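A.B. asks: dropping a prediction and its sequence here:
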Amino acid sequence: MDKSLSPTRIQEARCPSAILPPQDSRKEVKTWLNEGIQVEKVETCLLCGTKGVPLYQEMHDRLFDAPGVWSHLRCLRDGHVWLSSRPTINDIGKVYTTYYTHNSTNTQRSILVSFKNEKKFR
């Protein structure tokens, strides 16, 4: 097998470890509540570490009515876009409580699910 095409080399190309901070280097992060959701500020690009610039500010989720007011930053170096402030790992589920895939009584269905079920019963 050509070493240049190995899964490890492909993963390194997608996410080189040189641009990711070591696990133990994460600083103590301050958190606060955003409409009942614990959030943390993320000011630098998760890919390259460059400070982000505002792209969208004080947005509300009008599609699924997720609680909170959200802003996005963009990296001028690589174009990456992220939430800042973002929900903490412990509160991320609160953002998706009204998401259509989490409500069994909701009649909304994706086209893929509808197609899959249609083929199953033929």
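C.D. replies: Sure thing, it's come through.
A.B. asks: from here on, just use CA atoms for contacts and neighbour counts.
C.D. replies: Fine.
A.B. asks: avg pLDDT for the lengthiest strand in the chain?
C.D. replies: Ordering each strand of the chain by length in residues (DSSP state E) puts strand 53-59 first. Predicted confidence along strand 53-59 averages 95 (mean pLDDT).
A.B. asks: residue 58 contacts residue 83, correct?
C.D. replies: No: using C-alpha atoms under 8 Å as the test, residue 58 is too far from residue 83 to be in contact (10.9 Å).
A.B. asks: which one of the two is surrounded by more residues?
C.D. replies: Set side by side, residue 58 and residue 83 give different neighbour counts by other C-alpha atoms under 10 Å, the larger being at residue 83 (18 against 9).
A.B. asks: beta partners for the more buried one?
C.D. replies: Taking DSSP bridges, one obtains residue 72 as the residues bridged to residue 83.
A.B. asks: so how far is residue 41 from it?
C.D. replies: 8 Å (C-alpha to C-alpha, to the nearest Å).
A.B. asks: hang on, the earlier thing: and the longest strand of the chain, what does it pack onto?
C.D. replies: Taking 3 or more C-alpha pairs under 8 Å, 6 or more residues apart in numbering; DSSP states H and E as contact, the helices and strands that strand 53-59 lies on are strand 70-74.
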